[in-house]
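> Sharing a sequence plus its predicted fold:
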Amino acid sequence: MKTIFEMSSPDRIGSSLPLLDVPASSSVPPNLERSGKIGLPEVTEGQVMRHFVNLSTMNYHVDKGMYPLGSCTMKYNPKHFENLARLSGLSGIHPLVPEAMAAGTLEIMYKLEGFLCEITGFEGASLQPAAGAQGEFCGLMLIKSYLESIGEKHRNEVLMPDSAHGTNPATSTLADCVIIGVKSNEFGEVDPDDLREKAGPNTVAFMLTNPNTLGLFESRIEELTSIVHEAGGFNYMDGANMNALLGVARPGDMGFDVCHLNLHKTFATPHGGGGPGAGPVTCTAELAQFLPEPVVIQNEDGSYSLSKKQNSFGRLLAFYGNTGVLYKAFAYIRTLGAAGLREVTENALINANYLKARLEEYFDIPFNNGPCMHEFVLSGDRQAEKGVKTLDMAKRLLDYGFHAPTVYFPLIVHEAMMIEPTETEGLEDLDAFAEAMISISKECDEKPYLVTDAPVNTPVLRLNEVQAVKELCIVEPLDEEG
Amino acid sequence: MSRFIPNRGDHFEKMFRVIGVEGISDLLQSIPIKYQIKEDLDLPDPVSELELQREFEGYADRNTGADKICFLGAGAYDHFIPAAVDHILLRSEFYTAYTPYQAEVSQGTLQAIFEYQSMIARLTGMEVANASMYDGASAAAEACLMAMRVTRRQRILIAGSLNPRWADVVRTYLKRDDFEINEIPFLEDGTLDLEIAAKLIEGGTAAILVQYPNYFGLIEDLQPVAELIHEHKGLLIVAADPVALPLLRSPGDAGADIVIGEGQSMGIPLSYGGPYIGFMSTRKKLARKMPGRIIGRTSDRADQDGYVLTLQTREQHIRREKATSNICSNQALMALANTVYLSLMGEKGFREVSNQCFQKSHYLQQKLLEIPGVSSIFADTPFFREFAVSFPVSSLEIHDRLMEKGFLAGLPIVELGEGVMLITVTEKRTKEEMDLYVKFASEICGRME
């Protein structure tokens, strides 16, 4: 499609402003003045709408169909919550107004902190992290601050299983730690003996996703978290998979000291094509004294204010977090209540196990020793023997009208396909997806070219990623304007 | 029974049969019994859509600061947002989509962000831009880390006139024993003290981070700063206000190596501080050192144009501990808001927004300075949209009295003096509102004398 720049023609305008009602008597000194045009498009409002609506039709999205992306929890995003976050009293409030003038927002934030603590079994919370990765950074900073306060500043090792999300090692580097890998055992769980060997006087934290990225609950969790505590380290739970635990089990009860939650996964706030999300952190009282500023407190007279923890490690964003996202997660918890949240998890588990059962005849499923939690991982090894890669099958699913699963992750499974249906899919949707997968597995046997040539029913065909890197074009060149 | 969950009794019966279990407890068997919650979580009872609507209207009503006449800025700004922006953001196709990993079914998001990158690069006078950071402050921190990677040096000089919240975020991200952050003080006129900067820079500095216009709205001449840091083979990071850029010399033209900033002013509501968006642009030769996602144009098997996430080997999901950043989810929908906003405003409209902010803020400043006892803090230094004045009475007093009249008068900065207020004027403020501000302020000042 043409870019918005190619639609530009001089003197078109897509907005109107009141005329300047004061004298235009000031000017920027010549040495500080901009020379030449910016290069923004000149188009009408109608052209803008048409351009972006046409672009939008080239997107797959949750309101169109199933999105079985493992560890991404692509559930339905309730429409009402979009309206609530847009109430002018909530969306039109400046972050630096006196606290009493933002009493409604502070009340929501205070209550949401309490809800998230109750759901995870912790005592302290920060709503500030803008996304899961920033939540991880927040968690490690809490731990490092605590260690420094007890004279253990020399500790610099973060332990993590080989199945960890890529953000875990990247965050550890940002927090100035080195990564020590821990092996998985034959059951796809962390090997306690290996963890015992690697935990020691330099351990800062053990970062674990639970259920892990194979969709399995770490059944020896008590042993794992104890090993780390005995070594003087802390247990960090990556809450990406919290959709498997709502109202069923709590990280705080299992020996974790801190966790982050992805509100844009577990708590139904939309992904927005890659954000904004929100990655609040909850933690023990011991770590809470170091939470980033500000936190919301309730005063004796019942009013709410922003406050700074005495030993706060600092600040992660200019203000208090992705507040507009927090409103929606709060609305979700208010809508579902305790029983509703448990129902979410139960249905997520049933849906995942049903899909796994429907597919196990057609695909290899490593570490398949019983029920999975909210997701499971297939291997495309059997199909690879026919010359069809997992990437090809992922692309073929697009032709069938589904989004692809998460592929090539976790790294410990060959040709991995990680499937998470979520609780908002019905039996008929799951069956349709299973039929598509089965049909593709048959194509791999009979007509593999259909799969390797895929996709063919999409707005564009398979794109050349090597060319994108080699001929790097990441902005529209100015001289090519229409 | 939730309105978001489709399966019911009959479905479960069939599903359990296919799975080969009796019921839900069999699916929970891998969770040790001692960790399984026996009772419901302690959460308030659920509410219907209508009840929740009423509850939220209560919260919105209690935000009494929301309908005031806003002269408050300091990092978040009350600008006009054309209605069409939200119509695009509310398209399910955009807001309920995932990160565009499957490019063939994500061309809408990908092309929109490509256009966003192009607009940011043009606005800042740079060659390339990324797909967004969390906010301006975290973008500033990421830019410092990037400069340290590029130069293999571990010292950053930040302007003392940088937004203090941003400076806090930079310090938090760079909190390491081997990293050094020094602050360059500002002179009486509010601009950087380059003599002190020249001393601090000695012995290997990765970058200078300067805000443009600075926290007090003052327009710094970037060129001498660029020349100073470049003499010492370091980088210039400019934290730019995008609304000022249609009028001001672009940071790229003045010698910046990395430009970051807060994009909230371009079509994003105040929303108590978020979600906002950080932008980042740089020179082409540094593109591969940038953090965050980047969209690139390429072609498909039929040789038609298309867009993909590119240079992914910089990123955490490929490079893991060696990634240029840990960022994964960014602020994609906010990037779309910026793109639609800038398309609607266009070359002339955005320049007009910028010009109105400039003219109106000067009008208000001049009128306030006519009040006996009111003085400018930074003499005649050029400013944009935001300025600091000193009232002959406590700025907190001015603030509270004007609040009674329905005004958010600005941000009192008592650190600079008891009467100091940082005042912002966007294109939304009218002459009538400004004249009233002056009238009330003058009454308060007169009465107190």
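Alright, I've got the coordinates.
> Disregarding residues adjacent in the polypeptide, which is nearest to whatever residue of the stretch 351-482 of chain A ends up closest to chain B?
Residue nearest to chain B within the stretch 351-482 of chain A: A:Gly426 (3.3 Å; C-beta to the nearest C-beta). For glycine as for every other residue, the C-beta is placed from the backbone atoms N, C-alpha and C. Nearest residue to A:Gly426 in three dimensions, chain neighbours excluded: B:Pro6, at 3.3 Å (C-beta to C-beta, 6 or more residues apart in numbering or on different chains).
> can you count the residues close to the residue of the stretch 351-482 of chain A closest to chain B?
Neighbours of A:Gly426 under the rule other C-beta atoms under 10 Å in any protein chain shown: 17.
> circling back to that earlier point, correct me, but the residue nearest to A:Gly426 touches A:Glu425?
Yes: the criterion here is C-beta atoms under 8 Å, and B:Pro6 meets it with A:Glu425 at 7.2 Å.
> what about those two, which has more around it?
More crowded of B:Pro6 and A:Glu425, by other C-beta under 10 Å: A:Glu425, with 26 against 18.
> care to break the chain down by domain?
Unless you meant another one, I'm taking chain A. Partitioning chain A according to automatic domain parsing yields domains covering residues A:4-56, A:80-335, A:346-466.
> wait, I meant chain B there
Domains of chain B are assigned by automatic domain parsing as B:9-61, B:68-78+B:351-448, B:83-341.
> which of those domains is buried the deepest?
domain B:83-341 (a mean of 23; mean count of other C-beta atoms under 10 Å in any protein chain shown).
> Output the longest helix belonging to the chain.
Just going to use chain A. In chain A, with assignment by DSSP state H, the single longest helix is helix A:323-359.
> The intended chain is chain B.
Identified as the longest helix of chain B according to DSSP H is helix B:332-369.
> Which secondary structure elements does the helix or strand just after it sit against?
Sequence-wise, the next helix or strand downstream of helix B:332-369 (DSSP states H and E) is strand B:375-376. Secondary-structure packing of strand B:375-376 (3 or more C-beta pairs under 8 Å, 6 or more residues apart in numbering or on different chains; DSSP states H and E): helix B:332-369, strand B:386-390.
> Now the element after the shortest one, going C-ward?
Which is strand B:386-390. Strand B:386-390 is succeeded, C-terminally, by helix B:395-404 (DSSP H and E).
> So what touches whatever helix or strand comes next after that next one?
Going down the chain from helix B:395-404, the next helix or strand is strand B:407-408, by DSSP H and E. For strand B:407-408, contacts defined as C-beta atoms under 8 Å, 6 or more residues apart in numbering or on different chains pick out A:94, A:97, B:65, B:68-72, B:402, B:433, B:436-437, B:440.
> among those, which are in helices?
B:402, B:433, B:436-437, B:440.
> Need those residues in CSV (columns: pLDDT).
Listed next are those as CSV, based on pLDDT from 0 to 100:
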residue, pLDDT
B:Leu402, 97
B:Glu433, 98
B:Leu436, 98
B:Tyr437, 98
B:Phe440, 97
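> Just give me the closest of those to chain A.
B:Glu433 (10.1 Å).
> rewinding a little: any chance of the domains of chain B in a markdown table, with distance to A:Asn457 too?
A markdown table is the format used below for the domains of chain B (distance: least, C-beta to C-beta, whole Å):
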| stretch | distance to A:Asn457 |
| --- | --- |
| domain B:9-61 | 29 |
| domain B:68-78+B:351-448 | 43 |
| domain B:83-341 | 9 |
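> Next up, the contacts around the closest residue to A:Val456 other than its chain neighbours.
Leaving aside its sequence neighbours, A:Val456 sits nearest to A:Asp399 (C-beta to C-beta, 6+ apart; 6.0 Å). If you count contacts by C-beta under 8 Å, 6+ apart, A:Asp399 has them with A:454-458.
> hmm, stretch A:79-96 in reach of chain B?
Yes: counting by C-beta under 8 Å from any C-beta of the partner chain, chain B has neighbours in stretch A:79-96: A:80, A:82, A:84-96.
> avg pLDDT for that stretch?
Average pLDDT, stretch A:79-96: 98.
> Could you list the buried residues of it?
For stretch A:79-96, a neighbour-count test (16 or more other C-beta atoms under 10 Å in any protein chain shown) marks A:80-82, A:84-87, A:89-96 as buried.
> Now it - C-alpha only, PDB.
C-alpha atoms of stretch A:79-96 as PDB (Å, rounded to 0.1, in the frame of the first residue of the first chain):
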ATOM      1  CA  LYS A  79     -15.100  -3.500  25.200                       C
ATOM      2  CA  HIS A  80     -16.600  -1.800  28.200                       C
ATOM      3  CA  PHE A  81     -13.200  -1.300  29.800                       C
ATOM      4  CA  GLU A  82     -12.000   0.700  26.800                       C
ATOM      5  CA  ASN A  83     -14.900   3.100  27.500                       C
ATOM      6  CA  LEU A  84     -14.200   3.300  31.200                       C
ATOM      7  CA  ALA A  85     -10.500   4.200  30.700                       C
ATOM      8  CA  ARG A  86     -11.700   7.000  28.400                       C
ATOM      9  CA  LEU A  87     -14.000   8.700  30.900                       C
ATOM     10  CA  SER A  88     -12.800  12.300  30.800                       C
ATOM     11  CA  GLY A  89     -12.300  12.400  34.500                       C
ATOM     12  CA  LEU A  90      -9.800   9.500  34.200                       C
ATOM     13  CA  SER A  91      -8.100  10.200  30.900                       C
ATOM     14  CA  GLY A  92      -8.000  14.000  31.300                       C
ATOM     15  CA  ILE A  93      -6.200  14.100  34.600                       C
ATOM     16  CA  HIS A  94      -2.700  15.600  34.700                       C
ATOM     17  CA  PRO A  95      -0.100  13.500  36.600                       C
ATOM     18  CA  LEU A  96       1.100  16.500  38.700                       C
END
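> ok, back up a step: adding distance to chain A and mean pLDDT, write the helices and strands packed on strand B:375-376 out as a markdown table.
As requested, those are exported to a markdown table (distance: least, C-beta to the nearest C-beta, whole Å; pLDDT from 0 to 100):
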| stretch | distance to chain A | mean pLDDT |
| --- | --- | --- |
| helix B:332-369 | 3 | 98 |
| strand B:386-390 | 11 | 97 |
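> which residues touch residue 367?
No chain was given, so I picked chain A. So A:Phe367 contacts A:186-188, A:214, A:216, A:377 (C-beta under 8 Å, 6+ apart).
> oops, I was thinking of chain B
B:Lys367 touches B:434-435, B:438, counting by C-beta under 8 Å, 6+ apart.
> how close does it get to B:Gln107?
Going from B:Lys367 to B:Gln107 by C-beta to C-beta, to the nearest Å gives 51 Å.
> number of nearby residues for A:Lys198?
20.
> Could you list the low-confidence segments of chain B?
The model of chain B has pLDDT under 70 over residues B:448-449.
> So for it, the centremost residue is which one?
Central residue of chain B (C-alpha atoms, centre = their mean): B:Glu262, 2.8 Å from the mean position.
> wait, what's in contact with the nearest residue to that residue once chain neighbours are set aside?
Excluding its sequence neighbours, the residue lying closest to B:Glu262 (C-beta to C-beta, 6+ apart) is B:Gly136, at 2.9 Å. Shown in contact with B:Gly136 (C-beta under 8 Å, 6+ apart): A:318, B:75, B:166, B:239, B:260-264, B:276, B:278-279.
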